[in-house]
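Student: fold the following, please.
(chains A and B)
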Amino acid sequence: MKKSQVRWCWAMILPVVIGLAIFTYGPMFASLLLSFTNDDAVNTPSYVGMANYKYLLTADPSFWVSVKVTGVFAAASVSLGLVASLSVALILNQDIPFRGIFRTLYYFPTILPATASGVLWAFIFQPQDGLLNGLLRKVGVGHPPAWTDSPQWALPALIIMSIWGFGGAMVVFLAGLQNTDKSLQEAASLDGATSWKKFWVITWPAITPLVFFNLTMSLIGSLKAFDQAFAFGTSGPGVGGPARATLFYVLNLYEKAFGHFHMGLAAAMAWILFAAIAALTGVNFALSKRWVKGSGI
Amino acid sequence: MKPGKILALAVATLGLAICLAPVIWLFSTSLKPFEEILKTPTSFLPKHPRPQNFTDFFSSFTFWRSFANSCIVAALTVVGTLASAIPAGYAFARLKAKGSGLVFGLLIASLMLPGQVTIIPVFRLFASLGMIDTFYPLVLPAWLGTNAFAIFLMRQFFLGIPEEMLEAARLDGASEGRILARVAVPLAKPAIATVAIFAFLGSWNDLWGPLIYLNKESSMTLMVSLMNFVGGSGTAQGTPWNLVMAGVVVTVLPAFILFGIFQKTFVAGISTTGLK
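Tutor: From the prediction side, this is the model:
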């Protein structure tokens, strides 16, 4: 490569080098250091060793609450979201009329900003005037759940809301399904295989890389959920929900950092989240060797 | 049609009705007078549509200021993203100097890092520079290539340009900057449009950043103002959900319009990233 090209190359990526240093890797190490201090955004931080981590894991009243909320949310919304997106993709993969329109309209709700859908669903789940309870009463449910006001039902409400955004994963599944070998399906039909058997023997192995992709992405996304939970709480029972039933991990972190300015503590929380995401993604990749067919992604 | 297909069509239609009901409910409520919301059971569509909900919403806080702020932040973010992602994408694809591969690897690895890890030092940095309640914290990162997805997309596109086209320009004595501007960019218009759309929506829809950096009412973006309006709008009769939904309609409108025009870009963008 010519000297001038080398110079052009570095000139063109110089902003990226600066950006990575100032906004990514510099702050990453700075926050690791801050997590071992009592930083409060005002005074000079001093070293406190593992105290922040120890406090979070053993003494903080809200840490495990938010871990549990986020864990339940992630498990339910990821699994139900995958089932919904794959089911709809399988239905749309059949040669039905208006398939393109169906695909576009199913995808449509995912373009709503998470904040907007949080506010919209808080209204839909209103115990008195909400759309859902109106319908439930109409079909004869005398005492429908109080959703936004109920410690038991606020989190399920957020899970239902998250399933609504299944369109993105569905489009990925549909693209993959349309690449699978049609002749194999037809041969199996001639041999009298049931749809159920055809799915598990032919379709499923072909789409496991996509299942893995959607699983990984939605798991990471759900562990970092913030906008929708913030909007949902703000429009109804207050941030964190009734009895802190929707105190998501990142919501808790946000409150600690920017509500109470416990910056060191929040930095420790951020690193625990990072470690959890890295570990879960690692486990995911390791397990994927057993069930994902082909080269993966 | 075979019975199986009729069943599939029926299930698809039913599912779609469930999926779109909340959106219709959103628009319907935004046009209802307040009395209709209080009525139980409430009707699905407004009986006496009231477009004044929108003007009421506009005049109930510094709406136009927030709207202008959102537009400014989004415009500066889009321009910054393109200004940093187009040259970087080109350099990563076609000018691989020694060491640039490492930079690209670090860039892609940064996608794995949750933003929560870096937010506190970055917040302290901006605070120490006196930039709280300014747009710099929201816009500056875009100019410095922090949108790794945008750079990756541009790089993938530039990889597909035939080497002969670039080589021909080089033999004519064009510099790499000139080749990028005159040869590569005109070919990359679809990729640039995709990056611009997603950068715009990312900025317009963002709540986390503006919530942290903007505290003064005069500097807030629409998303934060909407949150404040929702949180503070409760009256003795309850929340004026018709005005709140009018506000939601206004904030989602750019996404709806862009989706209406570029729906193929949206759907294709999602499915190709999934298959990579």
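
Student: in the worst-scoring helix or strand of chain A on mean pLDDT, what's buried?
Tutor: Least confident helix or strand of chain A, by mean pLDDT, DSSP states H and E, is helix A:182-190 with a mean of 83. Within helix A:182-190, the residues scored as buried using 16 or more other Cβ atoms under 10 Å in any protein chain shown are A:Gln185, A:Ala188. Where you see a C-beta, it was placed from the backbone N, CA and C, and this is true even at glycine.

Student: next, see if that helix gets close to chain B.
Tutor: No - applying Cβ under 8 Å from any Cβ of the partner chain, one finds helix A:182-190 out of contact with chain B, separated by at least 11.5 Å.

Student: could you list every helix and strand in contact with that helix?
Tutor: Helix A:182-190 is packed against helix A:195-198, with contacts defined by 3 or more Cβ pairs under 8 Å, 6 or more residues apart in numbering or on different chains; DSSP states H and E.

Student: quick one: contacts of the helix or strand following the helix it packs on?
Tutor: Counting by DSSP states H and E, the next helix or strand C-terminal to helix A:195-198 is helix A:204-223. By Cβ atoms under 8 Å, 6 or more residues apart in numbering or on different chains, the list of residues contacting helix A:204-223 from outside reads A:70, A:73-74, A:77-78, A:81-82, A:85-86, A:162, A:169, A:172-173, A:176-177, A:179-181, A:249, A:273, A:276-277, A:280-281, A:284, A:288, A:291-297, B:274-275.

Student: these, buried ones only, as a ChimeraX selection?
Tutor: Of the contacts of helix A:204-223, the buried ones can be selected in ChimeraX as follows, counting by 16+ other Cβ under 10 Å:
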select /A:70,73,74,77,78,81,82,85,86,162,169,172,173,176,177,249,273,276,277,288,292 /B:274
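
Student: show only the entries of the contacts of helix A:204-223 found in helices.
Tutor: A:70, A:73-74, A:77-78, A:81-82, A:85-86, A:162, A:169, A:172-173, A:176-177, A:249, A:273, A:276-277, A:280-281, A:284, A:288, A:291, B:274-275 (DSSP state H).

Student: skipping adjacent residues, who's closest to the residue of the stretch 1-150 of chain A at minimum distance from chain B in space?
Tutor: Residue of the stretch 1-150 of chain A nearest chain B, by Cβ to the nearest Cβ: A:Gly19 (3.1 Å). Using Cβ to Cβ, 6 or more residues apart in numbering or on different chains and skipping the chain neighbours, the partner closest in space to A:Gly19 is B:Leu144 (3.1 Å).

Student: and for the one you found, the neighbour number?
Tutor: 20 (other Cβ atoms under 10 Å in any protein chain shown).

Student: correct me, but it touches A:Phe23?
Tutor: Yes - using Cβ atoms under 8 Å, B:Leu144 makes contact with A:Phe23 at a distance of 6.6 Å.

Student: and the closest residue to B:Asn205 other than its chain neighbours, how many neighbours?
Tutor: Of all residues not flanking B:Asn205 in the chain, A:Pro113 sits nearest, at 3.6 Å (Cβ to Cβ, 6+ apart). Residue neighbour count, defined by other Cβ under 10 Å, stands at 24 for A:Pro113.

Student: gap between the residue in the stretch 101-250 of chain B positioned nearest to chain A and B:Phe152?
Tutor: In the stretch 101-250 of chain B, the residue that lies nearest chain A is B:Leu144 (3.1 Å; Cβ to the nearest Cβ). As judged by Cβ to Cβ, to the nearest Å, B:Leu144 and B:Phe152 stand 16 Å apart.

Student: circling back: is the residue of the stretch 1-150 of chain A closest to chain B in a helix, a strand, or coil?
Tutor: helix (DSSP: H, G, I helix; E, B strand; the rest coil).

Student: okay, now it: neighbour count?
Tutor: 25.

Student: ok, now the one 3 residues further on?
Tutor: As a burial measure, the neighbour count of A:Ile22 was computed by other Cβ under 10 Å and equals 18.

Student: ok, for it, nearest residue in space, not its chain neighbours?
Tutor: Using Cβ to Cβ, 6+ apart, the closest residue to A:Ile22 is B:Leu144 (6.8 Å).

Student: residues contacting the one you found?
Tutor: Counted by Cβ under 8 Å, 6+ apart, B:Leu144 has contacts A:Pro15, A:Val16, A:Ile18, A:Gly19, A:Ile22, A:Phe23, B:Ser84.

Student: give me the buried entries from those.
Tutor: Counted by 16+ other Cβ under 10 Å, the contacts of B:Leu144 give A:Pro15, A:Val16, A:Gly19, A:Ile22, A:Phe23, B:Ser84 as buried.

Student: from those residues, which land in helices?
Tutor: Counted as lying in helices by DSSP H, out of the buried ones among the contacts of B:Leu144, are A:Pro15, A:Val16, A:Gly19, B:Ser84.

Student: low-scoring stretches of chain A, by residue?
Tutor: In the predicted model, chain A carries pLDDT under 70 at residues A:1, A:236-237, A:294-297.

Student: whoops, the stretch 151-276 of chain B was the one
Tutor: Scanning the stretch 151-276 of chain B with the threshold set as pLDDT under 70 gives B:234-237, B:268-276.

Student: which bits of it sit near chain A?
Tutor: B:151, B:175-177, B:180, B:201, B:204-205, B:207-208, B:211-212, B:223, B:226-227, B:230-231, B:238-239, B:241, B:244-245, B:248, B:251-252, B:255-256, B:259, B:263, B:266-267, B:270-272, B:274-276.

Student: from those, list the buried ones, please.
Tutor: When those are checked for burial by 16+ other Cβ under 10 Å, the buried set is B:151, B:176, B:180, B:201, B:204-205, B:207-208, B:211-212, B:223, B:226-227, B:230-231, B:239, B:241, B:244-245, B:248, B:251-252, B:255, B:259, B:263, B:266-267, B:270-271, B:274.

Student: so which of these are in helices?
Tutor: B:151, B:176, B:201, B:204-205, B:208, B:211-212, B:223, B:226-227, B:230-231, B:241, B:244-245, B:248, B:251-252, B:255, B:259, B:263, B:266-267, B:270-271, B:274.

Student: which residue lies nearest the spatial centre of chain B?
Tutor: B:Leu201 (1.3 Å; Cα atoms, centre = their mean).

Student: list the contacts of that residue.
Tutor: B:Leu201 sits next to A:Ile111, A:Pro113, B:Pro254, B:Ala255, B:Leu258 when contact means Cβ under 8 Å, 6+ apart.

Student: show me the two of those residues that sit farthest apart.
Tutor: Greatest spatial distance among the contacts of B:Leu201 (Cβ to Cβ): A:Pro113 and B:Leu258, at 12.2 Å.

Student: I'd like the ones in helices among the buried ones among the contacts of B:Leu144 as a markdown table, with distance to B:Pro186 appended.
Tutor: Shown next, in a markdown table, are those (distance: Cβ to Cβ, whole Å):
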| residue | distance to B:Pro186 |
| --- | --- |
| A:Pro15 | 22 |
| A:Val16 | 23 |
| A:Gly19 | 26 |
| B:Ser84 | 19 |
